[in-house]
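# What follows is a protein structure lacking sequence information:
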C-alpha cells in the first residue's frame, strides 16, 4: 500500500452507517470503561455537582493504517530505549551538565534538580528505580522511500492511555468482525478485510512493571512489619481516571497487590516517612480506615509531571518527602529529568559525541544505529550551533517545529511562525527551546473521530504511535526487569497541532498494519 | 441471625468511609458498564444533545442480608415455575376464560388477545415459544417463625436487570475483599466478614435461553437460505441500554450469534415476512448495510410490554407482524398474557380448583405444595368472592395491597387507601384490580443507596429477590430447555412503594446469605 492508498480510506459512510457506528461505539465505550469524566465545558455550570457523569473517550470510528515495518521496528527497539533512559539516569554527572543549561530558563527543571540535590545530600535509601515509558513515533514519509520510523518524544513520567488504548483496539476488532460470521459493521474496504489490529498488552505490560517493582522491594522495612501496597499519586479532579483504573484493577485482580490512590495534595497528610528507621519506609494510612497502616513499595506518579502540580512549597515538600523515602519511585526525579526534551535533543544532535554508544556500552552496534535512525535531527539554539540558523531562516524554519523542553505538552511553534516567535523573546530564553526537524506523516490520511461530546468529525489526520515499555534497575546500572508491550495510536485532525486526547483535541485510535 | 440483627447493619460510616465507598462505587460502575443513561431531569434542557453521557446505575453501597433458606428455595423452584407458566400458555382455553373477565376493563389485554386471535385465525407457523422469566419474592417475616419465601410477581416479558445485577454482585464482592489480603473497604462487621454474595449467572442463563431458541429454530427457511440472527426489539430512547448490551455481548462473544437492535417503531421498516414462503420467515435488513439480509430466529422483546408501547395502530400492526412470523417469540402474546396479575391471582386464590396440579401434571406433590407455599393469598373483587369484603373493610384492608393487573408496574394502592380508592371508581372497573395480602419484610433492614445522580440516602429498606429462568417449549407442551440461574436484589427506601430501578426510586443490590 502506497501513501496514495490512504486516499480511499476510510470508506464513505451513509447517514445510517455513521449512525450505526456512532451508536455502537458510544454504547460500547461505556459498557467497557473506554470512558472519561466530561470536561466542565461540556456541562452547564452547577450540573453534575456529584461528578457522576461519564462519556466515551474521544475515539476514531475506524482503525488507521500504519506501516507494519515501522510498527515492528518500534516494538523491537523499545527495550533498547528503556535501557538507554535507565542508563542516562545512572549518569548523574552527564545529566547534570545538560540540566545546567536549563537552570536559568526553566524554573521547573531547576526546582526538580534542587529537590534531587536535597535528597542526595541526605542520602537516597532506595537504589531501585522504575520506569513506565512510552516512546512516541510517526511514520515518516519521503519520496521514493519506504516509510521510516521517527521518534516524536520519549515519556518518562505519567505515560498515559495504556489503560484505554487496549480498549480501543478491542472496539475496532469487534467492529471489524461483527456480527460473527457476517461482518457488516463497516462498509466494505480491502484494508478492513485484511485483518485486525495486533494484540495490545499495554495493561498487562504496565501493571507488570509495577508488580515487578513491588516484588523487588522485598519485605517490609517497618518495625513491626506492615502489609505492603502500591500508591498511585494522582491529580485532584482527574478526568482520565478510567485509564488509571485499568492498571489498578490489573494489579489488584491479577497480581493481588493492594493499590491506593493518593491525590498529590494529600501526600503529606496520608503518608509518612518513618524517621526512626534508617531505611525510611513510606507508610500510608487510608482515611477510610485510619487504624490500618500499609507500607508503600512503589509510588506511581500520575501527577507531579508538570509545573501545574507544583504550585506551592507544600507541593515541593511532598515531592521531596516521597523521593527520600524507601519506596521505589516511578519515576525518580532524576529519571523524570531525563525525559526533558533537551536530553532528547542532545542525543539526536546530528553532529557531536556518540552518547548512544556510551550509554549502551556492549550493545550490538547495528542495534544502536537502528535506534539512531529513529531520531529526527534536533538542535539547541545556542549561538555556536546550527539550530539558530535553521530556526531564524524563514525558508529552513518551514521544515521545523520549535518545542518547549518542558514535560506536559502544549505550545509547540510550527514552521513559518518560528522566526517571529523567537525574536519576540530575549535570546537568553532560547535555551528553553528545542528545534526539531518536522516529521512528514502520510499527507492524505483520513479518519472519522467521535469526540467525547458526541460530535463527529471527518478529515485529514496525523497519527502518532506510542510503544509502552517498563524497566526496573538499580543505581549501579543493573537491570532487574526490562519489558515492552502494548501500544497507543493517537490521531488528531491535521489543523490541530497539539496532542492531549483527554482535552478532546485528538482521538484514541488503533492500527491496521500494511 | 434474627430479624433484629438487621438493626446493626450496615455499620455506620464516617464521612471519609462514605466518600471512599461512593468514589469507588461510582468509578467502578463506569469502568464495568454498571451504568444507565441519565434521566432528562438530571441534566439541564438542551445539554447532552448527542446522548453520550452515562452515570452509575442506582446501587446500594452494601449487600443486603437475605435468608439463605428463602434464597435457596427460590432457586430450587424456578424451573418448576418456568414449567407452570409454559404449560398455562399451552392451555388457550383456560387462559381465555381468565382473560375474558378482563376484556372490558383492560384495553391492553383485550387488544393483545385480539392480536392473538388474528394470528390464530391465519394459523401460527412457529410452535416453539421462549420464556425469559424473573420470579420476584420477598422474605416474609412473621412472629416466632423462620422467614418464608413469598412471591410478589412473575414476569413473562422484558424481565430486566439480569445484565446489571451480576455486576452489582461483582462490585460488592470486590469491596468485601479489597484490597487483596487486607480487606478494609468496609468498616468491620460480622456479616461483612461472613462471606461473599453467591455466584450470579444471570447473563449466562438469559443469553443461554436465547441461544437455545436460536439453535432450535434450525436452518434458514428462506429461499435461498439466509444467515440467521436474533433481534432485540427495544424502546426508543431506552436508558437501561447497558443491561441489554450485557446479554447481546454474551450472545455475540460467547455464542457467536449475530444480534441486532430494532426499535419497536422501526419493526415494520426493517423487518419483513416472506409471504411467498409458507413458513413465513422473518427477515431483517440492517439500515447500515441495506444489501445484507438476515433471517430472524428469535425476537427478544425489550419493548411491547406495556400499553405505552402500543399507542398507534401501526404499533399493533408491528406486533401482529412479528407474531405471525416464523421467528420464535420471547415471549408470544399468549405467554405475555399469562403474566397478567389476574392469572397469578387465580393461581393463588386460597380456595378454588387446584390449578397447579392440573398444569404440573406428573410433578411430585411435595414440589407443588412448596410452590403453593410461595403464594401470598390473592383475590379478585367479584361480588361473590372474599376479596371484596377484605378490601372494603378498613381493618382488613390494612393487611393488603391492591394491584392493577397490567404489566409494567405503577400505581399500587396500599392498606388504608384501598377502600376509598375502590369507592372512587365504578364497580364494573374493579375487575381490573387484584387484592393481595401484604408480605411483611424484615422491619428494620437498612442500607445506603447511591442514586444515579450521586446523592446518597441511608434508611430503612425493603428488598425484593428476583430469580431468572428460561424455558423453551412447543405448543404440545414438550419442553426443550428449562434452566434457572442468576438473581437480582432490588432494594428500595421504605417510604417508596414502587419498583423501577431505572427511574431512580430503588437500587440494584446483592445478597449476603444468613
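Looks like it arrived, so ask away. It should be emphasised that the depicted structure is a prediction, and the values quoted were computed from it without experimental measurement. Residues are numbered from 1 along each chain as shown, chains lettered A, B, ... in the order given.
# Report how many residues lie close to residue A:243.
For residue A:243, the neighbour count with other CB atoms under 10 Å in any protein chain shown is 27. No exception for glycine: its C-beta is placed from N, CA and C like everyone else's.
# In space, what's closest to whichever residue of the stretch 401-514 of chain A sits closest to chain B - neighbours in sequence excluded?
Ranked by CB to the nearest CB, the top residue of the stretch 401-514 of chain A for proximity to chain B is residue A:454, at 2.5 Å. Computed as CB to CB, 6 or more residues apart in numbering or on different chains, the closest residue to residue A:454 that is not its neighbour in sequence is residue B:50, at 2.5 Å.
# With residue A:429 instead?
residue A:105 (5.4 Å).
# circling back to that earlier point, OK, contacts around the residue of the stretch 401-514 of chain A closest to chain B?
Contacts for residue A:454 were tallied using CB atoms under 8 Å, 6 or more residues apart in numbering or on different chains; they are A:22, A:26, A:55, B:48, B:49, B:50, B:51, B:52.
# Could you check the pLDDT of it?
As predicted, residue A:454 sits at a pLDDT of 95.
# Residue A:118: what's it in contact with?
Per CB under 8 Å, 6+ apart, neighbours of residue A:118: A:320, A:324.
# Only the buried residues of the helix or strand hosting residue A:314, if you could.
Secondary structure from DSSP states H and E places residue A:314 in helix A:313-323. Within helix A:313-323, the residues that count as buried by 16 or more other CB atoms under 10 Å in any protein chain shown are A:315, A:316, A:318, A:319, A:320, A:321, A:322, A:323.
# Stretch A:300-313 too?
A:300, A:301, A:302, A:303, A:304, A:305, A:306, A:307, A:309, A:310.
# Turn the residues you listed into TSV, columns for pLDDT.
Listed next are those as TSV, based on pLDDT from 0 to 100:
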residue	pLDDT
A:300	98
A:301	98
A:302	98
A:303	97
A:304	96
A:305	93
A:306	90
A:307	91
A:309	92
A:310	91
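# wait, what's in contact with residue A:180?
Counting by CB under 8 Å, 6+ apart, residue A:180 touches B:252, B:256, B:257, B:258.
# For it, grab phi and psi.
Backbone geometry at residue A:180, expressed as degrees, to the nearest 10, gives phi -50, psi 130.
# still on that earlier bit, show the average pLDDT along the helix holding residue A:314.
Averaging the model's pLDDT scores along helix A:313-323 yields 98.
# what's around the residue of the stretch 1-150 of chain A found nearest chain B, how many residues?
For the stretch 1-150 of chain A, the residue closest to chain B is residue A:50, as judged by CB to the nearest CB, at 2.5 Å. Per other CB under 10 Å, the neighbour tally for residue A:50 reads 15.
# List the buried residues for stretch A:17-37?
Under 16+ other CB under 10 Å, the buried positions of stretch A:17-37 are A:17-18, A:20-22, A:24-37.
# could the contacts of residue A:454 go into CSV alongside distance to residue B:194, pLDDT and secondary structure?
Below are these laid out as CSV (distance: CB to CB, whole Å; pLDDT from 0 to 100; DSSP: H, G, I helix; E, B strand; the rest coil):
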residue, distance to residue B:194, pLDDT, secondary structure
A:22, 46, 98, helix
A:26, 41, 98, helix
A:55, 39, 98, strand
B:48, 42, 92, coil
B:49, 48, 91, coil
B:50, 46, 94, coil
B:51, 42, 95, coil
B:52, 41, 97, coil
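# and which of those is nearest residue A:64?
Nearest to residue A:64, judged by CB to CB, of those is residue A:22 at 17.7 Å.
# My guess is that closest one contacts residue A:455. True?
No: between residue A:22 and residue A:455 there is no contact under CB atoms under 8 Å: 9.9 Å.
# Check the spacing between the residue nearest in space to the middle of chain A and residue A:300 real quick.
Chain A has residue A:159 as the residue nearest its centroid, 3.0 Å off, counting by CA atoms, centre = their mean. Separation of residue A:159 from residue A:300 (CB to CB, to the nearest Å): 11 Å.
# same deal with residue A:511?
Applying CB to CB, the value for residue A:511 to residue A:300 is 27 Å.
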